[in-house]
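# build the 3D model from these lines:
(chains A and B)
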Protein chains: 2
Amino acid sequence: MTGADVLLAEIAEQPDVLVRIRADGAIPELARRLASEPPALVRLAAHGSSDNAATYGVYAFGRLAGRTAVRDSISLPVYDGARLARRGELAIALSQSGETPDVVAWLEAMAEAGATTVAITNAPDSPLARAASAVVGLEAGEERSVAATKTYTAELAVLARLAAHTGGSGAELDDALATTIELARRAIAELPDKVGPVAEALAWAERLMVTGRGPEFATAREIALKLTELCRLGGVAMTATDLAHGPIAALDERFPVWVSVGRDSSLEAVREAVDRIAESGAPLVAAGPGAGELRARHAIELPAAPDPLLSPLLSVLPGQLFAAALAAAKRLDAGAPRNLRKVTLAR
Amino acid sequence: MTGADVLLAEIAEQPDVLVRIRADGAIPELARRLASEPPALVRLAAHGSSDNAATYGVYAFGRLAGRTAVRDSISLPVYDGARLARRGELAIALSQSGETPDVVAWLEAMAEAGATTVAITNAPDSPLARAASAVVGLEAGEERSVAATKTYTAELAVLARLAAHTGGSGAELDDALATTIELARRAIAELPDKVGPVAEALAWAERLMVTGRGPEFATAREIALKLTELCRLGGVAMTATDLAHGPIAALDERFPVWVSVGRDSSLEAVREAVDRIAESGAPLVAAGPGAGELRARHAIELPAAPDPLLSPLLSVLPGQLFAAALAAAKRLDAGAPRNLRKVTLAR
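Sure, this is the predicted structure:
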């Protein structure tokens, strides 16, 4: 099995992992505990793909639990000794390996401050899990590929369920999740034929802008990261508004843009952004439900999730598969990037 | 005057703008009001360079005022109608023009929730200023260049003073700021000769990674943005730890890295990251005090700021000047990017 085969196999495993997450009774149980003493603030800490999942967590807790959630600074408590957290807050650390030292140190600092601490990790036996008062497993099996895929979507599903069960809409979300998982299964089967030709057409790309808004900004960040680590290109994530604020000037026919489109309140703003991007001459890929209605050179249609908040479980899939296909088109082995260990112990 | 001349002139104006910010009595006065009712949470909202200044604000309020500050979601209150803010919080909107519609709408939503609202803007007459209960002007004069420079450092200085005067160390910070401004003046005079040869050596770059940690992460984000908008390259900002988590695999001799080095608790972690980056063969530029001690191909020495929290006022300068020089080396007119109005009304 080549590295690329391992990556594609892990991408394909995602629906089964999500089925296990959906069946995990520990999540509603933890949510019940959290709902009884609603936290004033939800702090999330992570690196890499898990940090992109934390971006999603901000929207999940905001929309489903009515709580302010933030991607917390790790530096402030860990390196500067700042004591900002307070009793009654909720601190959630996300890490596939559960071993990244500064994330563990962050969770320990949160516990010391009196926050309720939760570890979301694929390694329920890890230092991070041991530092937490509650652990949610990602049930993803071993992730052999260096580029996280199945643990990323598993983290999204855990955060969505945790927020919804805390906010009282857990049953509805679990129903919508079941439908979304089946849509994901079908999409994973159909997408390779759609993204393959786009990857061939853009094999020359050395830089790529990825844009999305609201929960789709998590998708934009994650696709930009996959493209950077698998395809050795400069993948820049921006919201549509940030793009319009200056970087749109940089776009030209050598600077492709990937737009993650949702079927929500942001659609009109995305349409305006797409029109301006199209004027720049940049090759534009639109992915999502309704992608075909935009002025994009390449449109990758996706089914609409029954709840727009679950849309990131689908919208990341074409990005994962595109990154794998683009790596292949560039003659890179997507599963075996250089210079990298799977578990980073970097501080 | 070409666009590039305008840009360089505005970069050179920064010390004088900072002198005016330092003398602004409205900042300590506002801080006194804030200190009398310490906010439970400081929410910051902005786009583009102002959003990078907000990244700095997280550290300024955390270290100097002992307060949790967060880059707030604009989407949640503005597009989703989420009502998460609470009475007694502090809401700070940053915008050069004071006209970006969704930032104005965000501040209005914060006022409605009972937060104390502050606008930091170069246009004290703008819709944003009118929506705020207190306004701090950037006193930067007209910013003609599309790439923000003097309003960015002015925002940093306002945030540092506001946080320090709220936290009781305003006098010390103002002293340190005076010294830092003179160091900035000297650096702006000396840096062009240092960054010019680096820009010539890297004129081929189509992608570039910028890394820094703690307050220097604001610098990393801002330099990545300047490079993307002025030089049409894929500029990716990462903390050193995020870089080690995966993207380090993407580095090769065609993927340069700019490391912003501080003289603080992060130095050892940065040194480790630099060693791993050097192994990848990526051309490495280190900028900051002590840059010469690292294994970097290009070292740009900077004086150390008397307070490490003021270091971002200095560390962004070589990045601004490098972006201008790299645009020139690429035969682009740095002051006149295509596809762009100065004030974006994009939603």
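
# quick check: end-to-end length of stretch A:134-147?
Distance between the two ends of stretch A:134-147: 26 Å, counting by CA to CA, to the nearest Å.

# that one near chain B at all?
Yes: judged by CB under 8 Å from any CB of the partner chain, stretch A:134-147 comes into contact with chain B at A:V146, A:A147. The C-beta positions use only the backbone N, C-alpha and C, and glycine is treated the same way.

# quick one: that stretch to chain centroid distance?
14 Å (CA atoms, centre = their mean, to the nearest Å).

# what about the helices in chain A?
A:3-12, A:14-22, A:26-36, A:48-64, A:75-78, A:101-112, A:127-131, A:150-167, A:170-201, A:216-231, A:240-244, A:267-279, A:311-329 (DSSP state H).

# and those, which is most packed in?
Each of those was scored by mean neighbour count; the highest is helix A:216-231, a mean of 29, by mean count of other CB atoms under 10 Å in any protein chain shown.

# could you check the angle it makes with helix A:170-201?
40 degrees (axes from the mean of the first three to the mean of the last three CA atoms, to 10 degrees).

# helices and strands around helix A:216-231, which ones?
Contacts defined by 3 or more CB pairs under 8 Å, 6 or more residues apart in numbering or on different chains; DSSP states H and E place helix A:216-231 against helix A:48-64, strand A:207-211, strand A:234-238, strand A:257-260, helix A:311-329.

# ok, the longest one near chain B or not?
The reference is to helix A:311-329. No: figure legend: helix A:311-329 not in contact with chain B (CB under 8 Å from any CB); closest approach 10.4 Å.

# nearest to chain B within the stretch 101-250 of chain A, name that residue for me.
In the stretch 101-250 of chain A, the residue found nearest to chain B is A:G234; the distance is 2.2 Å by CB to the nearest CB.

# that residue is in contact with A:V210, isn't it?
No: taking contacts as CB atoms under 8 Å, A:G234 lies outside contact range of A:V210: 11.1 Å.

# I figured A:A220 hits A:M238, correct?
Yes: shown here, A:A220 and A:M238 form a contact pair, counting by CB under 8 Å, at 7.3 Å.

# so what sits against both of these two?
The contact sets of A:A220 and A:M238 overlap at A:V210, A:T211 (CB atoms under 8 Å, 6 or more residues apart in numbering or on different chains).

# okay, now the unreliable bits of chain A?
Applying pLDDT under 70 to chain A flags the ranges A:265-266, A:335-347.

# which residues does the most centrally placed residue in it contact?
Taking CA atoms, centre = their mean, the centroid of chain A lies closest to A:A53, which sits 4.0 Å from it. By CB under 8 Å, 6+ apart, A:A53 lies in contact with A:A46, A:L94, A:Y152, A:E155, A:L156, A:L159, A:A218, A:E222.

# and which of these is nearest B:V270?
Comparing these against B:V270 with CB to CB picks out A:A46 as the nearest, at 20.3 Å.

# the closest one contacts A:Y56, correct?
No: with contact defined as CB under 8 Å, A:A46 and A:Y56 do not form a contacting pair (10.9 Å).

# next to chain B, which bits of the stretch 51-200 of chain A? Give me the list.
A:51, A:58-59, A:62-63, A:66-68, A:70, A:73-76, A:79-80, A:82-85, A:100, A:102, A:146-148.

# so how far is B:M238 from the residue in the stretch 1-150 of chain A positioned nearest to chain B?
Using CB to the nearest CB, the single residue of the stretch 1-150 of chain A nearest to chain B is A:G48, 3.7 Å away. Between A:G48 and B:M238 the computed distance is 9 Å (CB to CB, to the nearest Å).

# what does A:G57 give?
20 Å.

# domain ranges for chain A?
Per automatic domain parsing, the domain ranges recorded for chain A read A:3-168, A:191-329.

# so what's A:A334 up against?
A:G3, A:A4, A:L7, A:A147, A:L230, A:C231, A:A323, A:A324, A:A327, A:A328.

# what's the closest non-adjacent residue to it?
A:A327 (3.6 Å; CB to CB, 6 or more residues apart in numbering or on different chains).

# surely that neighbour touches A:A4?
Yes: using CB under 8 Å, A:A327 and A:A4 qualify as a contacting pair, with a distance of 7.0 Å.

# shared neighbours of these two, which are they?
By CB under 8 Å, 6+ apart, the residues touching both A:A327 and A:A4 are A:D333, A:A334.

# count of residues packed around the closest residue to A:A26 other than its chain neighbours?
What sits nearest to A:A26 in space, not counting adjacent residues and going by CB to CB, 6+ apart, is A:V136, at 6.3 Å. A:V136 is flanked by 25 other residues according to other CB atoms under 10 Å in any protein chain shown.
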